[in-house]
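**Student:** Would you be able to build a 3D model of this:
(one chain, ligands or ions: 1)
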Amino acid sequence: METKIETPINFQRFEYLGWQKAAAKYSRFSLLTQQSVGDLIKHLNIQFGDKLLDVATGPGFLASRAQEIGAETVGIDLSEEMIELAKKNYPKIEFRVANAEKTGFYNQTFDKIAVNHGLIHFARPNVVLSELNRVARRRAVIGLTIWDSPDRTVAFSIVSKAISDLSSVQINAPKGIPMSFYSEKKNVRELLDSNGWILTEFIHLPVVWKLETPESIIDILMEGTVLMASKLKKQPRSVLSQIRDVVIHKLKPYTTANGKVEVPQGVLLVVGKK
Ligand SMILES: C[S@@+](CC[C@H](N)C(=O)[O-])C[C@H]1O[C@@H](n2cnc3c(N)ncnc32)[C@H](O)[C@@H]1O
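**Tutor:** Presented below is the predicted three-dimensional model:
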């Protein structure tokens with residue numbers, strides 16, 4: 001099945017502006033996205049001397065872990081604010097502002113390409129996958145992580161349902177690829193196949209989101225994400241408060257004796273070879 005974003009330029013602009021804003025406060029949400037970095041590195045078999053491209057690097061976490069192993073790493077991101085942060089965090093690593101659709105690297109530059117939680121943010125995933133194929137060396141490997149299907153991403157499903165049940169405003173953010181689209185294996189296979197990659201692994205990572213309190217989930221999403229944040233920020237104060245209450249209630253089964261939360265937020269790890 002093919003899916004296309006109707007207005008990719010608008011969506012890309014929305015993403016860009018959103019991440020520019022979220023960068024400074026991304027750290028709490030990134031405790032979740034960082035959980036798949038180790039698996040991505042392991043399944044890409046990143047080794048000393050590998051030339052690695054970290055796409056949509058954000059604050060550069062994956063790039064830094066790969067550099068520690070001895071990979072020659074470059075991180076790229078569309079957001080200048082994210083790249084500023086990455087450079088500040090890891091001054092010895094090369095980071096560049098670049099759109100994954102047109103990276104600016106020579107043909108066949110990289111042995112390994114990693115995209116940790118970037119795919120659903122791209123306005124034209126096919127253009128990106130094709131561009132990454134161009135800059136990949138012969139026998140290069142690509143690894144991507146994405147959110148798993150709604151039944152496995154319990155935290156996001158609880159919040160999304162509360163928003164759609166209670167929202168009192170029209171949410172007209174530019175639409176991207178639906179979050180669950182690439183959690184279907186056939187859709188990922190088609191994306192890779194049609195852009196010069198062969199799917200080799202499709203793994204469910206049982207990631208659990210650990211939160212200090214059930215209340216904190218809404219604040220973390222509002223400060224550290226783009227689409228979910230925009231849906232929450234648009235709500236009148238009274239509706240936002242109702243959404244909070246419902247979410248806290250639904251998180252009860254995942255609340256531990258000491259008041260913390262451990263809620264499934266599964267991740268899919270996809271690996272392909274050129
Ligand atoms: C959810 S964050 C992931 C950041 C980091 N990889 C992590 O795991 O925490 C998504 C990132 O994708 C970047 N991004 C969105 N569209 C992009 C594009 N077309 N090219 C490069 N980066 C893009 C955003 O600026 C943002 O930093």
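**Student:** Helices of the stretch 151-274 of the chain, start to end?
**Tutor:** Along the stretch 151-274 of the chain, the segments classed as helices by DSSP state H, counting those that start in this stretch run 154-166, 185-193, 216-224, 227-233, 237-250.
**Student:** okay, these in JSON lines with mean pLDDT, mean neighbour count and distance to residue 144 next?
**Tutor:** (C-beta placed from N, C-alpha, C; glycine too.) Formatted as JSON lines, those follow (pLDDT from 0 to 100; neighbours: other CB atoms under 10 Å; distance: least, CB to CB, whole Å):
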{"stretch": "helix 154-166", "mean pLDDT": "96", "mean neighbour count": "18", "distance to residue 144": "18"}
{"stretch": "helix 185-193", "mean pLDDT": "97", "mean neighbour count": "17", "distance to residue 144": "8"}
{"stretch": "helix 216-224", "mean pLDDT": "97", "mean neighbour count": "18", "distance to residue 144": "20"}
{"stretch": "helix 227-233", "mean pLDDT": "93", "mean neighbour count": "18", "distance to residue 144": "18"}
{"stretch": "helix 237-250", "mean pLDDT": "96", "mean neighbour count": "15", "distance to residue 144": "28"}
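**Student:** For the ligand, which of those is the nearest?
**Tutor:** Distance to the ligand, taken as CB to the nearest ligand atom, is lowest for helix 216-224 among the helices of the stretch 151-274 of the chain, at 8.4 Å.
**Student:** Which elements pack onto the closest one?
**Tutor:** Using 3 or more CB pairs under 8 Å, 6 or more residues apart in numbering; DSSP states H and E as the contact test, the elements touching helix 216-224 are helix 27-33, helix 154-166, helix 227-233, helix 237-250.
**Student:** burial measure for the residue of the stretch 151-274 of the chain found nearest the ligand, as a count.
**Tutor:** Relative to the ligand, the nearest point of the stretch 151-274 of the chain is residue 225 (7.3 Å; CB to the nearest ligand atom). For residue 225, the count of nearby residues is 20 (other CB atoms under 10 Å).
**Student:** residue contacts, the nearest residue to it once chain neighbours are set aside?
**Tutor:** Spatial nearest neighbour of residue 225, excluding adjacent residues (CB to CB, 6 or more residues apart in numbering): residue 29 at 6.0 Å. The contact partners of residue 29, taken as CB atoms under 8 Å, 6 or more residues apart in numbering, are 22, 220-221, 223-225.
**Student:** residue ranges of the helices in the stretch 1-150 of the chain, please?
**Tutor:** 8-22, 27-33, 37-43, 61-69, 80-89, 125-135.
**Student:** Just put those in JSON lines and tack on mean pLDDT and distance to residue 208.
**Tutor:** JSON lines is the format used below for those (pLDDT from 0 to 100; distance: least, CB to CB, whole Å):
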{"stretch": "helix 8-22", "mean pLDDT": "94", "distance to residue 208": "23"}
{"stretch": "helix 27-33", "mean pLDDT": "97", "distance to residue 208": "9"}
{"stretch": "helix 37-43", "mean pLDDT": "98", "distance to residue 208": "14"}
{"stretch": "helix 61-69", "mean pLDDT": "98", "distance to residue 208": "18"}
{"stretch": "helix 80-89", "mean pLDDT": "98", "distance to residue 208": "25"}
{"stretch": "helix 125-135", "mean pLDDT": "98", "distance to residue 208": "27"}
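**Student:** Tell me which of those sits nearest to residue 230.
**Tutor:** Of all the helices of the stretch 1-150 of the chain, helix 8-22 sits nearest to residue 230, with 6.9 Å by CB to CB.
**Student:** could I have the closest one exported to PDB, CA atoms only?
**Tutor:** The C-alpha trace of helix 8-22 is given here as PDB (Å, rounded to 0.1, in the frame of the first residue of the first chain):
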ATOM      1  CA  PRO A   8       4.700  17.700   2.000                       C
ATOM      2  CA  ILE A   9       6.100  21.300   2.000                       C
ATOM      3  CA  ASN A  10       3.600  22.300   4.700                       C
ATOM      4  CA  PHE A  11       4.300  19.200   6.700                       C
ATOM      5  CA  GLN A  12       8.100  19.700   6.500                       C
ATOM      6  CA  ARG A  13       7.700  23.300   7.600                       C
ATOM      7  CA  PHE A  14       5.500  22.300  10.500                       C
ATOM      8  CA  GLU A  15       8.100  19.700  11.600                       C
ATOM      9  CA  TYR A  16      11.000  22.100  11.200                       C
ATOM     10  CA  LEU A  17       9.400  24.900  13.200                       C
ATOM     11  CA  GLY A  18       8.200  22.300  15.800                       C
ATOM     12  CA  TRP A  19      11.600  20.800  16.300                       C
ATOM     13  CA  GLN A  20      13.300  24.200  16.400                       C
ATOM     14  CA  LYS A  21      11.000  25.000  19.400                       C
ATOM     15  CA  ALA A  22      11.200  21.600  21.000                       C
END
